[in-house]
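*Asks:* Have a look at this fold, sequence not included:
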Ligand SMILES: *Cc1c(COP(=O)(O)O)cnc(C)c1O
């Protein structure tokens with residue numbers, strides 16, 4: 001796909017490759033449709049006989065350039081962009097399972113994904129078993145059934161900040177002949193590339209660090225091309241048997257390593273249609289250009305803030321895998337030696353009420369339903385993102401009632417710490 005450039009270079013150079021006389025900067029192809037000269041030319045596109053743009057719900061040159069960049073950053077063969085991270089995780093799973101199937105997922109995942117798998121997909125006839133990602137291989141293996149089609153987890157769980165043992169999860173998935181899907185939103189490909197540790201498919205909420213400026217909601221699915229669907233023909237008929245809606249094309253035969261992403265595009269996107277707008281993809285691309293610079297600063301600032309909080313008398317505990325002594329310090333050193341992310345979670349000694357007093361006293365850090373952007377932000381998962389979960393589900397998601405999720409921005413760290421200091425006085 002590209003030269004062996006380092007990630008900093010790929011963030012700038014991958015994706016849009018202008019030819020002679022074309023714009024240097026990725027253009028916004030703000031067009032629903034694309035013109036052809038003959039009836040036959042367009043007919044061949046509908047039959048997947050020819051490659052070409054014809055309708056933006058299926059493909060658009062701006063979107064494709066950004067998808068290609070993200071695929072390159074992760075080291076995958078192809079990517080598809082979606083209008084949100086939620087759509088990305090739904091499509092990633094639904095592309096390979098249907099009513100009657102089963103999935104296994106880490107329980108410490110983003111609240112929205114937990115609901116998607118546990119409640120909404122259940123209504124489609126797809127069941128999910130949630131597992132403790134820290135459990136042994138034997139214990140996690142017990143969750144698998146004959147009809148299990150995939151294993152899912154997040155590199156760094158939002159908001160519990162559990163770091164995934166990716167190699168362990170890949171071993172478990174492959175022992176059960178299913179792909180491992182990893183949501184790599186928090187780590188970003190700058191800090192961790194799950195394909196290098198055995199993951200088969202990666203998803204992103206590009207809304208977070210990839211965009212980095214809180215400008216657009218978006219998602220991405222990247223395929224490593226490594227999972228051999230044809231080895232389990234019976235299990236993945238959607239990829240290995242003829243698709244009636246395309247005159248009997250078999251994706252694995254016609255598209256090889258790009259089978260999974262092609263099916264997601266021409267079938268799921270065609271029918272369900274959660275495409276991002278070209279304008280949003282353009283904004284995402286601008287964000288991606290500075291991703292390595294921002295991630296480095298987020299991690300540096302978060303380390304300082306975590307150390308400050310850990311030493312504060314009103315703070316009960318801090319969860320941040322960059323702190324020696326954190327449960328996930330060793331795993332983070334292995335999988336993300338350059339840093340994990342800018343998000344910290346912590347608890348105050350006086351619990352939930354103190355958390356609310358503290359948050360209401362912050363001046364620089366804003367209370368927003370967002371993480372992982374340039375501005376420092378704060379959220380109380382139990383009353384915000386995880387509000388729909390009951391106490392037991394909260395515990396499984398690694399969220400305690402007093403937990404504060406603090407997303408460290410790229411302002412000067414001394415200003416961030418000064419804000420914490422004055423707010424903690426009121427906590
Ligand atoms: C935010 C988030 C999502 C959902 O993404 P949206 O873009 O908000 O739909 C999924 N996974 C993780 C890890 C997230 O942080």
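*Replies:* Received it, and whenever you're ready, just let me know what you need. Note that the coordinates shown come from a computational prediction; the quantities given were computed from them, not determined experimentally.
*Asks:* How about the contacts made by the one residue in the stretch 251-400 of the chain that gets nearest to the ligand?
*Replies:* Using CB to the nearest ligand atom, residue 371 is the residue of the stretch 251-400 of the chain that sits closest to the ligand, at 6.5 Å. For glycine as for every other residue, the C-beta is placed from the backbone atoms N, C-alpha and C. Contact analysis of residue 371 by CB atoms under 8 Å, 6 or more residues apart in numbering lists 158, 159, 208, 343, 377, 379, 405, 407.
*Asks:* neighbours around the residue lying closest to the first one once chain neighbours are set aside, how many?
*Replies:* If the residues on either side of it in the chain are set aside, residue 158 comes closest to residue 110, at 4.7 Å by CB to CB, 6 or more residues apart in numbering. Burial measure for residue 110: 24 neighbouring residues, criterion other CB atoms under 10 Å.
*Asks:* surely residue 110 meets residue 161?
*Replies:* No: using CB atoms under 8 Å, residue 110 is not in contact with residue 161, being 11.9 Å away.
*Asks:* Show the contacting residues for the nearest residue to residue 230 once chain neighbours are set aside.
*Replies:* Nearest residue to residue 230, sequence neighbours excluded (CB to CB, 6+ apart): residue 252, at 5.1 Å. Going by CB under 8 Å, 6+ apart, residue 252 touches 229, 230, 239, 240, 259.
*Asks:* give me the element residue 252 is part of.
*Replies:* Per DSSP states H and E, residue 252 falls inside helix 251-255.
*Asks:* try residue 202
*Replies:* Following DSSP H and E, the helix or strand that holds residue 202 is strand 201-205.
*Asks:* In this protein, where is pLDDT below threshold?
*Replies:* When residues are selected by pLDDT under 70, those of the chain lie in 1-3.
*Asks:* what's the residue closest to the geometric middle of this protein?
*Replies:* The residue lying closest to the centre of the chain (CA atoms, centre = their mean) is residue 204, at 2.3 Å.
*Asks:* phi, psi of the residue lying closest to that one once chain neighbours are set aside?
*Replies:* Nearest residue to residue 204 in three dimensions, chain neighbours excluded: residue 220, at 4.4 Å (CB to CB, 6+ apart). Phi and psi for residue 220, reported as degrees, to the nearest 10, are phi -150, psi 150.
*Asks:* list the contacts for the residue of the stretch 51-200 of the chain found nearest the ligand?
*Replies:* Relative to the ligand, the nearest point of the stretch 51-200 of the chain is residue 85 (2.2 Å; CB to the nearest ligand atom). By CB under 8 Å, 6+ apart, residue 85 lies in contact with 110, 112, 183, 185, 203-208, 217-219.
*Asks:* try 6 Å this time
*Replies:* Residues counted as contacts of residue 85 (CB atoms under 6 Å, 6 or more residues apart in numbering) are 205, 207, 219.
*Asks:* swap in residue 100?
*Replies:* Residues in contact with residue 100 (CB under 6 Å, 6+ apart) are residue 125.
*Asks:* List the contacts of the closest residue to the ligand within the stretch 101-250 of the chain.
*Replies:* When scored by CB to the nearest ligand atom, the stretch 101-250 of the chain has residue 205 as its residue closest to the ligand, at 3.0 Å. Counting by CB under 6 Å, 6+ apart, residue 205 makes contact with 85, 185, 219.
*Asks:* hey, what's it bridged with?
*Replies:* Beta-bridge partners for residue 205, by DSSP bridges, are residue 219.
*Asks:* Tell me where the stretch 251-400 of the chain has helices.
*Replies:* Taking DSSP state H, counting those that start in this stretch, the helices of the stretch 251-400 of the chain run over residues 251-255, 259-263, 270-272, 278-289, 291-310, 329-335, 351-361, 391-396.
*Asks:* relative orientation of the fourth one and helix 291-310 in degrees?
*Replies:* Using axes from the mean of the first three to the mean of the last three CA atoms, to 10 degrees, the interaxial angle of helix 278-289 with respect to helix 291-310 works out to 70 degrees.
*Asks:* Measure how the one helix or strand residue 420 maps to sits relative to helix 351-361, angle-wise.
*Replies:* Residue 420 is located in helix 413-426, with elements delineated by DSSP H and E. Per the same axes, to 10 degrees, the angle that helix 413-426 makes with helix 351-361 is 130 degrees.
*Asks:* Which strands or helices does helix 413-426 pack on?
*Replies:* Helix 413-426 sits against helix 291-310, helix 351-361, with contacts defined as 3 or more CB pairs under 6 Å, 6 or more residues apart in numbering; DSSP states H and E.
*Asks:* The residue nearest to residue 158 and residue 157 touch, don't they?
*Replies:* No: contact between residue 110 and residue 157 fails when scored by CB atoms under 6 Å: they sit 7.7 Å apart.
*Asks:* Which residue, other than its chain neighbours, is closest to residue 376?
*Replies:* In this structure, residue 376 finds its nearest non-sequential neighbour in residue 409, 3.7 Å apart by CB to CB, 6+ apart.
*Asks:* ok, now residue 282?
*Replies:* residue 28 is the one closest to residue 282 (CB to CB, 6+ apart), at 4.7 Å.
*Asks:* Distance of the one you found relative to residue 348?
*Replies:* In this view, residue 28 and residue 348 are 46 Å apart by CB to CB, to the nearest Å.
*Asks:* more neighbours, those two?
*Replies:* Each of residue 28 and residue 348 has its neighbours counted (other CB under 10 Å); residue 348 has more, 23 against 17.
*Asks:* Enumerate every residue touching that one.
*Replies:* Counting by CB under 6 Å, 6+ apart, residue 348 touches 314, 354, 355, 427.
*Asks:* could you pull out the strands for the stretch 1-150 of the chain?
*Replies:* Remark: strands assigned in the stretch 1-150 of the chain by DSSP state E, counting those that start in this stretch are 78-82, 102-106, 127-131, 148-154.
*Asks:* Can I get the ones you listed in CSV including mean neighbour count and distance to the ligand?
*Replies:* Output for the strands of the stretch 1-150 of the chain, formatted as CSV (neighbours: other CB atoms under 10 Å; distance: least, CB to the nearest ligand atom, whole Å):
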stretch, mean neighbour count, distance to the ligand
strand 78-82, 27, 9
strand 102-106, 25, 11
strand 127-131, 20, 15
strand 148-154, 25, 5
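*Asks:* just so I know, which of the ones you listed lies nearest residue 20?
*Replies:* Among these, strand 78-82 comes nearest to residue 20, with 26.4 Å by CB to CB.
*Asks:* Mind giving me the packing neighbours of that closest one?
*Replies:* Judged by 3+ CB pairs under 6 Å, 6+ apart, strand 78-82 is in contact with helix 61-74, strand 219-223.
*Asks:* gap between it and the chain center?
*Replies:* Strand 78-82 has its C-alpha centroid displaced from the chain centroid by 12 Å (CA atoms, centre = their mean, to the nearest Å).
*Asks:* Please consider this matter closed, and thank you.
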